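Colleague: structure of the sequence below:
(chains A and B)
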Amino acid sequence: MKHLTRKLLMYIGCLLFSIPILAQDREVTGTITDNNGVPLPGVNVAVKGTSVGTQTNFDGDYALSVSEGDVLIFSFMGMQTVEKTVGVEDQIDVVMQNDNESLEEVVVVGYGEQKKSDVTGAIVSVSSVEINSRPVNNAIEAMQGKAAGVDITTSERPGTVGDITIRGVRSLTASNSPLYVVDGIPLISGGIENINPSDIESIDVLKDASSTAIYGSRGANGVVIVSTKRGKEGNYSLSLNSAVTFQTLENRSELMNASEYIEFRRWAKYYSDPDSFPRGDEPTQENDFDIFLGSADPYSWENILRGWEGGAWDGSQVRSTDWTDFVTRTGITNQHTLSVSGGSEKMTAYGSFGFLDNVGTVIGQSYRRYTGKVSIDIDATDWFSFGATINASYGVNEYGQSGAGRNSNVNGEGLYDTARGVFAWAVPYDDEGSRIEFPGGDDAVKTVIGEEKFSQDQRMNIRTFGSFYSEVDFSAFSSALDGLRYRMNFGPDISVGRDGIFLDAQSVIRAGSSYASLYKEQNLSYTLDNILFYDKEFGMHDIGLTFLQSRTQFKTEFNNMAADNIPFPSQKWNALSNTNVELNTWDSGIEERQLDSYMGRINYGYDERYILTLSGRYDGASQLAEGNKWAFFPSMALAWRFDRESFLENTDWLNQGKLRLGVGSTGNSAIDPYSTKGGLIPLFYPSGSTLSSGTITSTNFANKELGWETTTQYNVGVDFSLLNYRISGSLDYYNSKTDDLLLLKTLPTVTGYVDTYENVGKTASQGIDLTLQTVNLDLDKFGWESTLNASWQDNHIVELANGTEDDINNNWFIGEQLGVVYGYESNGIWQESDAEEIARFNANGHNFSPGLSRPVDQNGDYRIDANNDRTIIGNTLPKYILGLTNTFNYGNFELSVFMYGRFGYTYYTEGEAQTGRFNQRKIDYYTETNTNSKYQKPIYTAGTGDPFATTLGYESGSFIKIRNISLGYNFSSGFAKSIGLSNIRFYVQAQNPGMIFSDVDWVDLDVNSPSWNRGFTTGLNIDF
Amino acid sequence: MKRISIILYVAVALIFFSCEDELEQTPISEVGSNNFYQNESDFQNAVNGIYNQLMPKAERYFDLSEIRSDNMYATTEVGVRDHEEINNFTRSLAANSLITDTWNNNFNGIMRANTVLDQLTEDVVSDNEVRNNLEGQAKFLRAVYYFDLVRWYGAVPVFETFVSPEEALEIPRSNPEEVYALIVSDLNDAISLLPNNQDDTGRATSWAAMALKAKVHLTRSGPDYGINGPGLGVNEYDEALTLLNDVINNGPYSWVDDYAEIFSYNNENNPDIVFDVQFMGDGLGVGSYYPGYMAPSNYFNAVGIPFPGGLEVKEVSDDLLESYGEGDVRREFNIQEGYTDINDNFDPRPFYRKFLDEEEAGQDRFDWGINYPLIRYTDVLMMKAEAILQEASGSQGEVDEIVNNVRERAGLGPVNGVDLEMLMEERKREFAGEGLRWHDLVRSGLVLEVMNAWLPTEDDRDVMADEMEANWIIYPIPFDQLTVREDLYEQNPGYN
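Modeller: All right, here's what the predicted structure looks like:
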């Protein structure tokens, strides 16, 4: 406290002594134009070294009080800054020149920002224009396909985000997701979905280790830096972004209709017991009664009887029910953001209010989010500035049918899948109009009708994170301190979450009793950074120094309870008291983590041609055991701007060119708190009818030697702009090695422990990222631009827990890729003509017969066994990823088509079990009349069916999909002004209109599921 | 200049604003091991922890002893469940999770016992009586775990203290003789350290230790079949008989007249129970799974119990069913011969229902409250008959009397001139579903003869091996354990 008071006094002291008082004795005026003679409004005109300044008006005119000898600085976005010394004249007119260099973006590099031309690492930026080019629910969706080397999957469930990987995967057990940094503050646990994408100014993705190493132990998977919008000096503006999207759930995988399924099950019964059942194409009514459980569901049996009405079977008479109709609807998403922005020279501010209401295509699923954001920047004095940003959000996610509390005796996960599990030949209602509980008579297939009333999983989340800074610029005190700044960042992050689940006894996923659970979690964390910056030019030398001291603390608390047999359904999870119910689960917990860091960085530039960056970060983490807490992560990068070399300076084909070389070491902070400590686990063992307590040592052997996984990555890249900026882009090659992989190592279980985490494995990866922007056509009225993001990646495992021994249980093989598919190779389907071969296998205990899946006997011993006959079949990670956006302009119209594709991998569909008991998608299956089929014969069983059915499930996976087509119209500024607005844009979009090609025709390989949402959006952006 | 220095001071002060080192975070919601095992109650808790590892035994006895034996034919056409590989004598059993779990669980129990034995000293528990009791229980339990290991796997590594993973990699398997040496020494200690009567129900007594030791002697005395298995071919039947007579004559156990009462939910810890695994229902997390483990889930649906049992039915063999004579109450009590499902279809396949009481269903399928007997007084008596029929002193009259008592309780008439095969047949009916059958066959020397006579008569689906090899008396070493260090353990023959 004493410290603080003293510091406060210092500030006040400084404040009093540092305001320079200047004399202004006369006025100069002038007009500012561009090189076409067009007047420029809003140009900043300032007296150098003072806070005196103004802006040009609508006609490009300004007037300012000055003294003779003052230097005027004229600056304007996209123009070269001009300095003029005030002489005797009263009028100073300036013609400003376009500045292609200052036009380029500023890139946020972590603890600071740089001009893109000075960047030495592999960084890709997504601007707010791109983010807002199509309506998205969260920042991650906005990045999809916009950044080379960044692969993002789609999550179709409202309120959830997809998975993101940067430059592929490298860790086997730890997370492969990147670190998110919002307004300079690293997010400690998720939360990127809580930011309104309309509030985002830019997203910068740090890809290579030389740029992520300044985040040390958290940098291995790349860093996504989100900068939210801040106020801009100048006119105040008010904007409204609105969009409405209609979505329908589409499915590429058609289910069998009633008639098809009836025949399918008949075959399944026949193949399960040919003595008791007739062939599938020779049905009898009597057998059908048995096969279709006529006594259990007489109403559905009546439906089958329609097919028998004429005496002979006629499947076309049986009616089909599409059960997904009961659980799907047209989804409607409303997104509205109202934002204000503006400011004076001393203070700028931005504020917004956002509303997202996403009604999902599956009944019961929705997401509603309110976001509010305020940011403010104050230049209080010429040496002190202060700023704050607060992002707050409140979200309610109706998750729909819950997986928790699900009775394992019933099939299907999620309401839509459950609905697809109900038979088309079964009827929904009985004669009295009540729902039939088990349509089709099987007690494992329950009706989905009314399910939205019987199951609820409501997840509520409130999150507030802030970023506060104060900065002292020491140059105001003495010219000797010119370039020295001290900044303090403080980032608190508070979130509260609640998950309430209620399942009525009638729910499809319960069997006879109701269930409720309540989970609450609260996270509190903060980051406090102290940073010193020193930036100085000495002639040709340009030096930037950064020193950081930082502390991060994280604390989470949770509690959880659940009970069966809730007395009043209306109370849901809100009345779990001991008078009402008997809790069967309750627990609470707390977890704390802390990270202390020191970081130093040197940027050195020579003649704007050679740029060197050196950094080192020293991280100490509470998770690690004494003696292993601290780790050091260094990096180095070099850039050469060859466009500034004399031999290239005047070429007309090269506008910009830069070669980058970087190397760095980063960590993956994947160790759970307390895992280096051996705890005791409490348990119980009864004694008669009393419960006596016991303890055992924790089941995982605690390893005190644990440390971070470290990735060392080399990166070579080139950035270029050619042919008068018609072609620009960057090309990067990287090669990385990850050591000390955190792996669960099998222990000799004779110790009583099964396994322990050790830093033992190694992986290696390499890849190429290409970003290319081209202006294909630039005519008067018509323009065509393309942006291509392409990446190639390759990885393999170098070493595993037990040295060079493969880990078959986890599908990890030395020298092979991460994510291989390991199993029995398919040799198609056994045919009648294979009788001799079949007999040889069956002599060794197999049960093969014509129509079953035929695995490859790798060692030729006529025995298919797990030790000798499994092999590597493929790899589930795509080799190539491609994103292509083509934008066409015609007058005020803008058309943009965004395509996305992944190539060169294996998609594992798991085959078709064909047990005949459960519902079935339409497939080409084996029967005596269809022997040349893709899949094996169906065999009715309550179990899992043909043990080698999975061999038929490996498919080559590659696809190109149109993710978005957007047509926009920008109203002319004249029209906008005539109705009192400054800008209006109207657009319509089609989302996920379809596949251009796909290797697996019944799966949407983009979302890795047969079903996906197709959407149609209309939107309006208005600036007042 | 002064101003500059002040400002620098401020900056430096701010930079070190929060530099105290607080990277030490102790887990609050977990009990730390550093401050445990300090007093009597800590050790009481730790010993309860050793008992806790008995709880998975029931299902593993089903899998490894009942299903392996002629009591069951637990197969399907498709053969995808883990237990089917055990039933079918599949050679590639080493990767089977049931084999791995059994190995791991028993060694985990041994680790728990060793942790207690390592730390239990006069300094921390000064009361001799209490300390002896705790030590006796830990040694008794270590013997229980090792006895299972030697019977299932033959040679296994022997540890008398806690070993680190590094140390374990240097310790090879010990021959059964050496494993038995520890078991016998532990049981001798347990017999002298344990009280005759425990205050806490279900805790080991000296009687339990004697009964277990008698079974160890009987098992060691069995033939060795030319494998490195549980039988050593020694003649210790007299030692067994002495111990059994002591339990029978001086122990607190007595004859229970009603077979069903031995297994009743409302008559736990009855005079027939020498030692059992304790379970409690009521959703406390210490219930049992095994009562429903052999029954199909559809059965539970059919009788209105809202949770499934063991998925598919695990069938009892025709041989076992048919061996029950007319009027044998144990047939109906032990076995459910089919049921009608909710679709009114009758499924005739028989399954064990010995420990099921539908009235006593808990909150889920892991919540049955019935204890699992490990040693019954009836077993003690029948072991006495077995010892006599082998080479211990005693009369045929004593043997016949014991067997006839058992038969009478079952509702059967008397027999005389009981020989070893008849005794084992009676044990089969009496202890059906209690996980004893495989060990009985192995110990008595009958296993190959009985199994190979039974195999062709039962295997309608033709999924089992044609003939059982002597190597299959014991199980393979779990596959993943063979890889912890090359050549540390050699796989048991017969599993390549």
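
Colleague: what's the neighbour count on B:Gly233?
Modeller: Other residues near B:Gly233 number 11, with proximity taken as other Cβ atoms under 10 Å in any protein chain shown. No exception for glycine: its C-beta is placed from N, CA and C like everyone else's.

Colleague: and the host helix or strand of A:Val396 with chain B, contact?
Modeller: Taking DSSP states H and E as the criterion, A:Val396 maps to strand A:384-399. No. Using Cβ under 8 Å from any Cβ of the partner chain, strand A:384-399 never reaches chain B; the gap is at least 11.2 Å.

Colleague: got the domain boundaries for chain A?
Modeller: A:25-102, A:105-232, A:822-875+A:892-1023 (automatic domain parsing).

Colleague: now tabulate these in TSV and tack on distance to B:Glu160, mean pLDDT and mean neighbour count.
Modeller: Formatted as TSV, the domains of chain A follow (distance: least, Cβ to Cβ, whole Å; pLDDT from 0 to 100; neighbours: other Cβ atoms under 10 Å in any protein chain shown):
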stretch	distance to B:Glu160	mean pLDDT	mean neighbour count
domain A:25-102	77	78	15
domain A:105-232	34	80	23
domain A:822-875+A:892-1023	34	85	18
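
Colleague: now the closest residue to chain A within the stretch 151-300 of chain B. Nearest residue, chain neighbours left out?
Modeller: Chain A sits closest to B:Thr201 of the stretch 151-300 of chain B, with a gap of 3.3 Å, by Cβ to the nearest Cβ. Nearest non-adjacent residue to B:Thr201, counting by Cβ to Cβ, 6 or more residues apart in numbering or on different chains: A:Gly688, 3.3 Å away.

Colleague: gap between A:Gly307 and A:Gln317?
Modeller: Distance from A:Gly307 to A:Gln317, counting by Cβ to Cβ, to the nearest Å: 5 Å.

Colleague: higher neighbour count, those two?
Modeller: Neighbour count, other Cβ under 10 Å: between A:Gly307 and A:Gln317, A:Gly307 has more, with 22 against 16.

Colleague: how about that one, secondary structure?
Modeller: Following DSSP: H, G, I helix; E, B strand; the rest coil, we place A:Gly307 in the helix state.

Colleague: that one and A:Arg319 touch, don't they?
Modeller: No. Taking Cβ atoms under 8 Å as the definition, A:Gly307 is not a contact partner of A:Arg319, at 9.8 Å.

Colleague: which stretches in the stretch 451-600 of chain A count as helices?
Modeller: Ranges of helices in the stretch 451-600 of chain A, per DSSP state H, counting those that start in this stretch, are A:451-454.

Colleague: for it, what lies in contact range of chain B?
Modeller: A:472, A:474, A:477-478, A:480-481, A:486, A:488, A:511-513, A:528, A:530, A:532, A:549, A:551, A:564, A:582, A:584, A:588-594, A:596.

Colleague: any of these buried? List them.
Modeller: Neighbour-count burial (16 or more other Cβ atoms under 10 Å in any protein chain shown) applied to those gives A:472, A:474, A:477, A:481, A:486, A:488, A:511, A:513, A:528, A:530, A:532, A:549, A:551, A:564, A:584, A:591-594, A:596.

Colleague: can you name the next helix or strand after the strand holding A:Val396?
Modeller: helix A:415-420.

Colleague: distance from the chain centre to that next one, please.
Modeller: Put simply, helix A:415-420 sits 25 Å off its chain's centre (Cα atoms, centre = their mean, to the nearest Å).

Colleague: pull it out as CSV, backbone CA atoms only.
Modeller: C-alpha atoms of helix A:415-420 as CSV (Å, rounded to 0.1, in the frame of the first residue of the first chain):
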residue,chain,number,x,y,z
LEU,A,415,-31.9,-36.4,-30.9
TYR,A,416,-31.4,-36.3,-34.7
ASP,A,417,-29.4,-39.5,-34.7
THR,A,418,-31.9,-41.1,-32.4
ALA,A,419,-34.6,-40.2,-34.8
ARG,A,420,-32.7,-41.7,-37.6
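
Colleague: who does it touch, helix- and strand-wise?
Modeller: Contacts defined by 3 or more Cβ pairs under 8 Å, 6 or more residues apart in numbering or on different chains; DSSP states H and E place helix A:415-420 against helix A:451-454.
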